[in-house]
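>>> Next input, structure requested:
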Amino acid sequence: MMFPAVQGASVPVCSLAERDRRWNLARRFMEAEVLDGLVVFGEGDAGPAPFSFDSWFTNDRPGVLLVFPRDRTPRRADPAPVLGRPPGDRVFGVQ
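All right, here's what the predicted structure looks like:
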């Protein structure tokens, strides 16, 4: 079962089809480069030009550390509780 969109989101979010396209692209890259996974850094509150590579995978508020195994569901590590979300809440299929 896929996970539903974030309830009450006020910004556009990508579809699950787009999520799958992005995840498959990353997995093809990992396969080609003989990588078991990626660690993706997101600096969500860094000012006017944040580094938010993590949001490309999570489709959510930037600022997490994402572990993206080639053959399993990605997992995120929130540096602090994400606004209004309990720890471990699933977003865009990422836990």
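
>>> how about the strands of this protein, start to end?
Along the chain, counting by DSSP state E, strands occupy 37-41, 65-69, 75-77.

>>> how many neighbours does the residue lying closest to Pro69 once chain neighbours are set aside have?
Among residues not flanking Pro69 along the chain, Gly37 sits closest, at 4.2 Å (Cβ to Cβ, 6 or more residues apart in numbering). Just so you know, the C-beta spots here come from the backbone N, C-alpha and C atoms, and that holds for glycine as well. By other Cβ atoms under 10 Å, 16 other residues sit near Gly37.

>>> Quick check: pLDDT value at Gly37.
pLDDT recorded at Gly37 is 95.

>>> separation between it and Glu31?
Separation of Gly37 from Glu31 (Cβ to Cβ, to the nearest Å) stands at 11 Å.

>>> Give me the common contacts of these two.
Arg70 (Cβ atoms under 8 Å, 6 or more residues apart in numbering).

>>> on that earlier part again, quick one, what contacts the residue nearest to Pro69?
So Gly37 contacts 30, 67-70 (Cβ under 8 Å, 6+ apart).

>>> Return the distance of the nearest residue to Asp36 once chain neighbours are set aside relative to Ala17.
Spatial nearest neighbour of Asp36, excluding adjacent residues (Cβ to Cβ, 6+ apart): Arg70 at 5.7 Å. Per Cβ to Cβ, Arg70 is found 20 Å from Ala17.

>>> Which one's more surrounded, the two?
The neighbour comparison of Arg70 against Ala17 (other Cβ under 10 Å) goes to Arg70, with 15 against 8.
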